[in-house]
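Enquirer: Structure for the following, please:
(chains A and B)
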Amino acid sequence: MSKSSFVRTAMIAPSLPPASERGVIKWLRENLFSGPFNTILTLVAIWAIYTLIKGSVPWLSNSVWNAESLRECRDIVIAQSGEEATGACWAMVRVRWNQFLFGLYEVSEYWRPTTAFALMFVALTPVLYYGLRRPATILVGVVSVLLVLALFGLGTDSGHILMMAAIMAVLTAVAWIAPKRLVIVTILFPLIAFYMLWGGSVWGPVGTFVGFAIFALVWWISQRFVGVVVAAAVGLIAAAIWWGTLQTAFTTALHTAMPIELLYIRSDDFGGFLLAFVIGITAITASLPIGILLALGRQSDMPIVKTLSVGFIEFFRGVPLITVLFAANFMLLYFLPPRTNFDLILRVIIVVIIFASAYIAEVIRGGLAALPRGQYEAADALGLDYWQAQRLIIMPQALKISIPGIVSSFIGLFKDTTLVALVGLMDPLQGVTKVVRSDTAWKGIYWEPYLFVGAIFFLVCFSMSRYSMYLENKLKTDHR
Amino acid sequence: MKKSVLLGALAATTMIAGFASAGTLDDIKARGELICGSNNGLTGFGAPDADGNYQGFDVSLCKAIAAAVFGDQSKVKYVPTTGETRFTALASGEVDVLVRNSTWTFSRDNDLKFDFVAVNYYDGQGFMVKKDLGVSSAKELDGATVCIQTGTTTELNLADFFKTNGIAYTPVTVADDAEAQRQYEAGACDAFTTDASGLASTRAAMADPTAHIILPEIISKEPLGPVVRHGDNNWGDIVRWVHFALVIAEEKGITQANLAEVIAKSEADEAADPEVKRLLGIGDNDMGVMMGLDKMWARNAIAANGNYGEIFEANIGTSTPIGLARGLNALWTQGGLQYAPPVR
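Expert: Numbering: from 1, shown residues only, chains lettered A, B, ... in the order given. Below you'll find the model as predicted:
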């Protein structure tokens, strides 16, 4: 036997892949320079990012936070970084932040919109986490702490801080003991928010609420005899009689007996993000139910209901929001009796609701169309009537399918609230910015207000988007 | 087309029905406050300040009117209006008077059915250029790019000016004042044109005002003033004479500070200026009643923010960062155009 062997006794250590096939180079080759076209794109992108950074980083790093005017800002930047340097002047935000948030709202009353905003999260808790003790308590607790801190920050008097702390503590306790009970806050929230924001006598909102209670009561009693829809009409008439005739006497009487009131703030003083939230949230809340009804109406077999719904939806989807806003501003006044003082914000809210409802209706119709015929037939087979079938079988599924569409409509709607600047309202983006710029101290400031407002909008819209993804996952029941 | 005619007719009928019912002054008195259409943000002329209170040259006239009617300059509600919404707000009755640097033009006066009852600021369109451009007259701007706010009368004036002078230009249209300034500073246009008062305040706000000059040519007439609806002449007279009262006060040297002194002197002195006596309602003089106001109307209007000159100086004058000279807005006795008819 020869000593030489053709069989190796040990394995050769694996050699490294060629230099072009490993490590950073491989990653670059595959991801950035995989072909001539991608190479060009990469180079262009690198150039674009470089220019952006070169332009913005020195500007941001030279930011000035303490100054009384744009000129002072410029002098500080020049003193720090030389003659040619530019720097962001965030001092404007420090001086004028309150107008970006609250518009011309009475300074001593800032605690009211802030509290209303915090209560909105409490009202949302049952919607977001119905019956879930832990997340509900955490949310309400965190909001309570933030509210108290915010009230301190706004320089609210201690009496109101203590009162709000107590109320929020009770609500947190409720969230822990009986999370489902928070629904009461949700139901009452529109009236609470209205009273907190506008103020005046407490009995006005109470009187309005009694009207709604009458509506609910009449509806509940009569629906057994005449059906859901007719009962709603009867209830509405009863409520209208209350609002139209008796309510004034009721509120005046109670107000003279027990004058509880907050300082009345008129809508003209609303501005900034307060205005955006008032319009956005009202429109979001109201457009969902109206949109559902419109979507159902469009699918209805009844020709009149169907035609009206289709006409409504197609008309308002067909015109731009700006047109509708101008109509609200210009035309409505011509049709009303001369010199009726019909609040501009109210007019705008109404048209935004109408506009948003048309979009939501189409989104929900998409959800309805996606449901198999069998679901409707199953509901019929179970002997459910129309409204029961909608409530128990159709809507839960259709709404679930529509969540991404609904949320993106909401996000779009919230951003669209900035358009109200065109009819002279003080929205945060253009309205407040214009007011700030018209101050001789800040005239000429350009990017800072836009970036500030944009950041807040991003925060709000991004949260909505993340929540919708969470909700989709939570409600996912299929196995795809 | 038919539909719009119908709507227009309907609107007109409602409006006429409304105006026939009661005078604007009665409405204001019943309401307890004046509703003044104001600018939603114009430096020096009208905008809310850091505390949310409306301030400015135009706003001071609103305050003076409120003071004349109620004796209290704070009884005003300001409705911020944009360039698009201002005239509808006035026509529909949403505001009682529009004091929003609106130019008095033929078509606005006649076609829109308004009355421009006074001119509280004589403005005109001008140009601003960078000093290193080496231009000293607007006629040398051949081939220049010009930043211009779109949809304004300034846009039309600009076209007229270049056409009549036979020179070419490239317009760079921008949406608002701030953007115009931005574009101009970034070098997107050689010249920036708007009302001379706006140019002055923009220049003052620039990083280096001395690097920019305002060219001497004023290419348009822009008489700015308070506007009221057609059809209520009494109310128009009140607005007009409040403005005149402020001008006469300047002419007669009556200021916010010496008002009480002048009143005391006129009351004591038989031989004191009879026009001052009539204006301030001293003795038996009660001119205010002819307009439906009390005899204190002019006193209150002057006491609110001072006479015309004081209002000018406090808001847009040379002592402010805006630094406008009186120019055309000086009294007629000093070579300007502010001239008030006699109180007699």
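
Enquirer: close to chain B, is the helix or strand containing A:Phe312?
Expert: A:Phe312 is part of helix A:303-318 when elements are defined by DSSP states H and E. No. Figure legend: helix A:303-318 not in contact with chain B (C-beta under 8 Å from any C-beta of the partner chain); closest approach 14.5 Å. Glycine gets a C-beta too; all of them are placed from N, C-alpha and C.

Enquirer: nearest spatial neighbour of A:Gly200, skipping sequence neighbours?
Expert: Leaving out its chain neighbours, the residue that sits closest to A:Gly200 by C-beta to C-beta, 6 or more residues apart in numbering or on different chains is A:Tyr264, at 4.3 Å.

Enquirer: pretty sure that neighbour is touching A:Tyr195, no?
Expert: No. Contact between A:Tyr264 and A:Tyr195 fails when scored by C-beta atoms under 8 Å: they sit 10.6 Å apart.

Enquirer: Which one's more surrounded, these two?
Expert: Taking neighbours as other C-beta atoms under 10 Å in any protein chain shown, A:Tyr264 and A:Tyr195 compare with A:Tyr195 leading, 22 against 11.

Enquirer: which SS state does the more buried one fall under?
Expert: Classification of A:Tyr195 using DSSP: H, G, I helix; E, B strand; the rest coil returns helix.

Enquirer: just B:Cys147 next, same as before
Expert: Following three-state DSSP, B:Cys147 is assigned to strand.

Enquirer: Assign the nearest residue to it once chain neighbours are set aside to helix, strand or coil.
Expert: Nearest non-adjacent residue to B:Cys147, counting by C-beta to C-beta, 6+ apart: B:Cys189, 4.0 Å away. Three-state call for B:Cys189 (three-state DSSP): coil.

Enquirer: just to revisit the earlier point, now the residue nearest to A:Gly200: how far from A:Ala116?
Expert: Going from A:Tyr264 to A:Ala116 by C-beta to C-beta, to the nearest Å gives 15 Å.

Enquirer: likewise B:Arg182?
Expert: 37 Å.

Enquirer: neighbour-wise, which of these two wins?
Expert: A:Ala116 (21 against 16).

Enquirer: That one sits in which helix or strand?
Expert: With elements taken from DSSP H and E, the one containing A:Ala116 is helix A:111-128.

Enquirer: Quick check: mean pLDDT of that helix?
Expert: Summarised as a single mean, pLDDT over helix A:111-128 is 90.

Enquirer: and B:Glu33, what is it in contact with?
Expert: Residues in contact with B:Glu33, defined by C-beta atoms under 8 Å, 6 or more residues apart in numbering or on different chains, are B:Ala66, B:Phe70, B:Lys75, B:Val76, B:Lys77.

Enquirer: What parts of the stretch 151-300 of chain A come near chain B?
Expert: Residues of the stretch 151-300 of chain A lying close to chain B (C-beta under 8 Å from any C-beta) are A:Arg266, A:Asp268, A:Asp269.

Enquirer: residues contacting A:Val210?
Expert: If you count contacts by C-beta under 8 Å, 6+ apart, A:Val210 has them with A:Trp242, A:Gln247, A:Phe250.

Enquirer: I'd like the list of the residues you listed that fall within helices, please.
Expert: Judged by DSSP state H, those include A:Gln247, A:Phe250 as members of helices.

Enquirer: Quick check: of the contacts of A:Val210, which lies closest to B:Pro171?
Expert: Using C-beta to C-beta, A:Gln247 comes nearest to B:Pro171 of those, at 57.4 Å.

Enquirer: what about the residue nearest to the closest one when sequence neighbours are not counted, how many neighbours?
Expert: The shortest distance from A:Gln247 to any non-neighbouring residue, by C-beta to C-beta, 6+ apart, is to A:Gly207 (4.3 Å). A:Gly207: 21 surrounding residues under other C-beta under 10 Å.

Enquirer: Would you mind extracting the C-alpha trace of stretch B:155-163 into PDB?
Expert: These are the backbone C-alpha positions of stretch B:155-163, laid out as PDB (Å, rounded to 0.1, in the frame of the first residue of the first chain):
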ATOM      1  CA  GLU B 155     -51.500  92.000 -10.300                       C
ATOM      2  CA  LEU B 156     -53.600  93.900 -12.800                       C
ATOM      3  CA  ASN B 157     -51.800  97.200 -12.000                       C
ATOM      4  CA  LEU B 158     -48.500  95.500 -12.600                       C
ATOM      5  CA  ALA B 159     -49.500  94.300 -16.100                       C
ATOM      6  CA  ASP B 160     -50.800  97.800 -17.000                       C
ATOM      7  CA  PHE B 161     -47.600  99.500 -15.900                       C
ATOM      8  CA  PHE B 162     -45.300  97.300 -17.800                       C
ATOM      9  CA  LYS B 163     -47.500  97.400 -20.900                       C
END
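
Enquirer: hang on, the earlier thing: go ahead and confirm the residue nearest to B:Cys147 touches B:Leu133.
Expert: No. Using C-beta under 8 Å as the test, B:Cys189 is too far from B:Leu133 to be in contact (10.9 Å).

Enquirer: Any buried residues in the helix or strand hosting B:Glu155, and which?
Expert: Using DSSP H and E, B:Glu155 maps to helix B:153-164. For helix B:153-164, burial by neighbour count (16 or more other C-beta atoms under 10 Å in any protein chain shown) applies to B:Thr154, B:Glu155, B:Asn157, B:Leu158, B:Phe161, B:Phe162.

Enquirer: I am assuming the second one contacts B:Ile148, so please confirm or correct that.
Expert: Yes. Under the criterion of C-beta under 8 Å, B:Glu155 is in contact with B:Ile148, at a separation of 5.4 Å.

Enquirer: gap between B:Arg31 and A:Gly431?
Expert: Distance of B:Arg31 to A:Gly431, given as C-beta to C-beta: 25 Å.

Enquirer: which one of those two has more residues nearby?
Expert: Taking other C-beta under 10 Å, B:Arg31 and A:Gly431 do not tie; A:Gly431 has more neighbours (27 against 14).

Enquirer: Check what pLDDT B:Thr14 gets.
Expert: You'll see B:Thr14 listed with a pLDDT of 40.

Enquirer: per the record, what domains does chain B have?
Expert: With domains defined by automatic domain parsing, chain B comprises B:21-122+B:223-334, B:125-220.
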